[in-house]
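Student: Below are the sequence and a predicted model; questions follow.
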Amino acid sequence: MPVAPEVVRPLRKEVLRPGTPLAELVFERDLAPSAMHAAVLDGNRIAIAVGSAMPDPHPREPAAGDWRVRGMATREDMRRQGLGAAVLGFCERHARAQGSKSKGMCSRSSRSALTT
């Protein structure tokens, strides 16, 4: 489900950048008009899986229509249930609907894996 950017940042902090102040977890294009933030929420409406899709040129070969999925995170006790895949799929569908011609994603965590 789409959510405000503020909803995804606490889980970004917990999983991706522990110790980083929330104010520093704002991506450059988080507030772009076409950006979209997705989350799976628990019964208390707390994000347990998150991701963001935003227009973002490829760093080496920029092209019109480039998009990036960033900030993918799933709470550790909720992994291996398909929640991250659901968020990724939601982000990809949004990017395509916005005219995405390509997308990119990179992982900083050695604990994560992306499979297609």
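Tutor: Okay, I see it.

Student: For the protein, which segments count as strands?
Tutor: 2-3, 36-41, 47-55, 66-74, 102-104 (DSSP state E).

Student: who does the fourth one touch, helix- and strand-wise?
Tutor: Where contact means 3 or more C-beta pairs under 8 Å, 6 or more residues apart in numbering; DSSP states H and E, strand 66-74 is packed against helix 5-11, strand 47-55, helix 83-97, strand 102-104. Yep, even glycine has a C-beta here, placed from its N, CA and C like the rest.

Student: what about 7 Å?
Tutor: strand 47-55, helix 83-97, strand 102-104 (3 or more C-beta pairs under 7 Å, 6 or more residues apart in numbering; DSSP states H and E).

Student: Pull up the pairing partners for that strand, direction included.
Tutor: strand 47-55 (antiparallel), strand 102-104 (parallel) (DSSP bridges).

Student: what sits up against the longest one?
Tutor: The list of residues contacting strand 47-55 from outside it, by C-beta atoms under 7 Å, 6 or more residues apart in numbering, reads 7-8, 10-12, 27, 29-30, 32, 34-42, 66-75, 78, 83-84, 87-88, 91, 94-95.

Student: PyMOL command to pick out the buried ones of the residues you listed?
Tutor: Only the buried entries of the contacts of strand 47-55 go into this PyMOL selection, using 16 or more other C-beta atoms under 10 Å:
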select buried, resi 7+8+11+12+27+29+30+35+36+37+38+39+40+66+67+68+69+70+71+72+73+74+75+83+84+87+88+91+94+95
